[in-house]
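**Q** got a predicted structure plus its sequence, pasted below:
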Amino acid sequence: MSVHKEFKKITTHALQAMKARGERISMLTAYDYSMAKILDAGGVDVLLVGDSASNVMAGHETTLPITLDQMIYHAASVVRAIERALVVVDLPFGHYQGSSRVALESTIRIMKESGAHAVKMEGGKAVQDSIERVLSAGVPVMGHLGLTPQSIYKFGTYTVRAKEEAEAEQLIKDAKLLQKIGCFAIVLEKIPAKLGKKVSETLKIPTIGIGGGQHTDGQVLVTHDMLGITKDFHPRFLRRYANLYDVMKEAVEGYITDVKNRDFPNEKEQY
Ligand code: KIV
């Protein structure tokens, strides 16, 4: 199946043009060079160096422990692989909630040391100062509302957010604020589809949903989940496009069998 590849290089403006003409935006996470090369060759529009690397790559229970140095390492590896996709990097927990100065310094390190194109921050009004300061330095910012995993200890669970009217209204207010101050797009995570639709219709900037329903302007999934490399994660919003856990395990088992049986290497596979 061919994908739409009108843009040679995806920019934040290209994403806004896509929304304007009704073309959906595809986004996936990436944390390393080899995977990013495949995703970029497949034509994905945006690669998110998510702090979900904390779970997926490092095995932590939450996104909180990942450090700025680790995010920069992942981001630089991804940037070296891409030719077309826009690369957005999560500012890790603790690098923008307390001080806009720290947010700017951390962003500058990400941009200089990885070569990424934009950063993402979770939250609305509460992190407005940090977003504005980063924007004032000329760095594009993607917002993130709804379920914001860096606040997991406040929420207590990973269940759907903004089901109640008050929280939904606050989310709409925050989304309008993020647009007003200059965010180029907003991730909407795990919210009712009806709310995803309302926010997407209200805003001019694109919304990218993960569990935000079918009306957001784009979709994002954690690559390891959609490829079936992770096994024990079954949220309703996740569609698996492959079952690589089993494919890879079988390959490893085949290799071990061949080594044990002295089938590998054979005569042609040696010097
Ligand atoms: O870190 C991440 O992977 C994310 C996505 C879930 C949007 O923020």
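**A** Yep, it's here.

**Q** any idea how far residue 7 is from the closest residue to the ligand within the stretch 1-150 of the chain?
**A** Using Cβ to the nearest ligand atom, residue 50 is the residue of the stretch 1-150 of the chain that sits closest to the ligand, at 2.4 Å. All C-beta spots, glycine's among them, are computed from the backbone N, C-alpha and C. Distance, residue 50 to residue 7, using Cβ to Cβ, to the nearest Å: 22 Å.

**Q** buried residues in stretch 238-252?
**A** For stretch 238-252, the neighbour count (16 or more other Cβ atoms under 10 Å) marks 240, 244-245 as buried.

**Q** that stretch and the ligand, are they touching?
**A** No - Stretch 238-252 stays clear of the ligand (Cβ under 6 Å from any ligand atom), getting no nearer than 11.0 Å.

**Q** quick one: distance of that stretch to the chain centre.
**A** 21 Å (Cα atoms, centre = their mean, to the nearest Å).

**Q** begin at 670 from now on, thanks
**A** Sure thing, new numbering starts at 670, so read that last one as stretch 907-921.

**Q** packing partners of the helix or strand of the chain with the lowest mean pLDDT?
**A** Within the chain, judged by mean pLDDT, DSSP states H and E, the helix or strand with the poorest mean is helix 821-824; its value is a mean of 94. The helices and strands touching helix 821-824, judged by 3 or more Cβ pairs under 8 Å, 6 or more residues apart in numbering; DSSP states H and E, number zero.

**Q** for the most centrally placed residue in the chain, phi and psi?
**A** With distances taken as Cα atoms, centre = their mean, residue 717 lies nearest the centre of the chain, 3.6 Å away. Dihedral pair for residue 717: phi -100, psi 120, per degrees, to the nearest 10.

**Q** identify the bridge partners of it.
**A** residue 698, residue 757 (DSSP bridges).

**Q** contact partners for it?
**A** By Cβ atoms under 8 Å, 6 or more residues apart in numbering, the contact set of residue 717 is 696-699, 757-759, 789, 889.
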